[in-house]
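J.: Take a look and give me a structure for this.
(one chain, ligands or ions: 1)
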Amino acid sequence: MHQLFYLKECSSTNDEVSKFLLYENSDFIGVHTFNQTQGRGQYGNTWTSTAGQNLAYTLAVKAKNFLISDFLFNYYTAIVIRDYLANLTENTVFIKWPNDIILNRKKIVGILIEKRKIHQEQYFIIGAGFNILQEKFDEISNAGSLLTQTGKRFDLEEFTENLNAFFIEKLKNIPSEQEIMDRFNSHLFRKNEISVFEIGKERQNGIIRYADEKGEIWIELENEMRSFYHKEVKLLY
Ligand SMILES: O=C(O)CCCC[C@@H]1SC[C@@H]2NC(=O)N[C@@H]21
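T.: Reported below is the predicted structural model:
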């Protein structure tokens, strides 16, 4: 069973979903708004969004239904969101490790997955912020929207309903670990290109080669291949 709730405005859909989980028992509970006022991002950052132009979407699922590691679950959700967007545009959609969605070199979706226990049940709280109709972005944010990157104006309600149906369908059929890794790596942003990274306090050139099933990214540096966990390395450009 699944349900999708709409809120006219809320602070964070990742927080709101907990309230629904207290009294609903569906396998999939979605919450969305087009006006999120205190969105949370990765690294404790805030996630800002212009009211009425973008989608804040959270889907809560029971963790026990997914017999894969948290890393693979994260990767798979990024693949699903990437695939959904790839069906809407002719342009190539990439995943920037670990889970930003990139279209024409701009970030158009940010994902924040949290784990939460409610009434003895462990949930994955999958939060995704989709930039859809926003036209102006901070230069330094390196963000864009579906409108700025494709020129198309998507209908927010239709976009959300289709996304929710697509997501649930794909979460009912989790592929093998090998397939998840292959698909993730085939869409990896800046794979095999020379890039600049921030490692500790230093900047270094390197080439992303692949992500592995333990959640690490393998980068070829000047004299060695090294793997990094999330937060140990930042892709600058
Ligand atoms: O930093 C990132 O890239 C992750 C951003 C995640 C934002 C989404 S919007 C829906 C959900 N609610 C939140 O407060 N955050 C996530």
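
J.: what ranges do the strands span in the protein?
T.: Using DSSP state E, the strands of the chain run over 2-7, 28-33, 39-40, 46-47, 55-62, 93-96, 100-103, 106-118, 121-130, 194-199, 202-211, 217-220, 225-228, 233-235.

J.: which residues sit against the third one?
T.: When contacts are taken as Cβ atoms under 8 Å, 6 or more residues apart in numbering, the neighbours of strand 39-40 outside the stretch itself are 12, 14, 46-49, 56, 112, 127, 129. The way it works is simple: take the backbone N, C-alpha and C, and place the C-beta from them, glycine included.

J.: Please list only the buried members of those residues.
T.: Neighbour counting by 16 or more other Cβ atoms under 10 Å classes 12, 14, 47-49, 56, 112, 127, 129 among the contacts of strand 39-40 as buried.

J.: pLDDT and distance to Y84 added to those residues, as CSV?
T.: Below are the buried ones among the contacts of strand 39-40 laid out as CSV (pLDDT from 0 to 100; distance: Cβ to Cβ, whole Å):
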residue, pLDDT, distance to Y84
S12, 98, 22
N14, 97, 19
W47, 95, 19
T48, 92, 23
S49, 90, 19
A56, 98, 16
L112, 98, 17
G127, 98, 15
G129, 98, 14
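
J.: Intersect these with the contacts of the ligand.
T.: Among the buried ones among the contacts of strand 39-40, the residues that sit close to the ligand (Cβ under 6 Å from any ligand atom) are 12, 14, 47, 56, 112, 127, 129.

J.: From what I see, the first one and Q38 are in contact.
T.: Yes: in this structure, S12 sits in contact with Q38. The criterion is Cβ atoms under 8 Å, and the distance is 5.5 Å.

J.: Contact partners for the nearest residue to G52 once chain neighbours are set aside?
T.: Closest residue in space to G52, ignoring its immediate chain neighbours: F34 at 5.4 Å, by Cβ to Cβ, 6 or more residues apart in numbering. For F34, the contact set (Cβ under 8 Å, 6+ apart) comprises 51-56, 156.

J.: how about a cut-off of 7 Å?
T.: 52, 54-55, 156 (Cβ atoms under 7 Å, 6 or more residues apart in numbering).

J.: do the same with D100
T.: By Cβ under 7 Å, 6+ apart, D100 lies in contact with 107, 110.

J.: if we can go back for a sec, need the strands of the chain in a markdown table with distance to S69, can you?
T.: Listed next are the strands of the chain as a markdown table, based on distance: least, Cβ to Cβ, whole Å:
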| stretch | distance to S69 |
| --- | --- |
| strand 2-7 | 24 |
| strand 28-33 | 20 |
| strand 39-40 | 23 |
| strand 46-47 | 25 |
| strand 55-62 | 15 |
| strand 93-96 | 17 |
| strand 100-103 | 20 |
| strand 106-118 | 12 |
| strand 121-130 | 12 |
| strand 194-199 | 25 |
| strand 202-211 | 13 |
| strand 217-220 | 16 |
| strand 225-228 | 16 |
| strand 233-235 | 20 |
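
J.: Run through the chain and note the low-pLDDT ranges.
T.: For the chain, no stretch has pLDDT under 70.

J.: Close to the ligand: what parts of it are there?
T.: Residues of the chain lying close to the ligand (Cβ under 6 Å from any ligand atom) are 12-14, 36, 39-42, 45, 47, 56-58, 100, 110-112, 127-129.

J.: In terms of residue numbering, what are the domains of the chain?
T.: 3-186, 194-236 (automatic domain parsing).

J.: Check the ones you listed for me and report the most buried one.
T.: Highest mean neighbour count among the domains of the chain (mean count of other Cβ atoms under 10 Å): domain 3-186, with a mean of 17.
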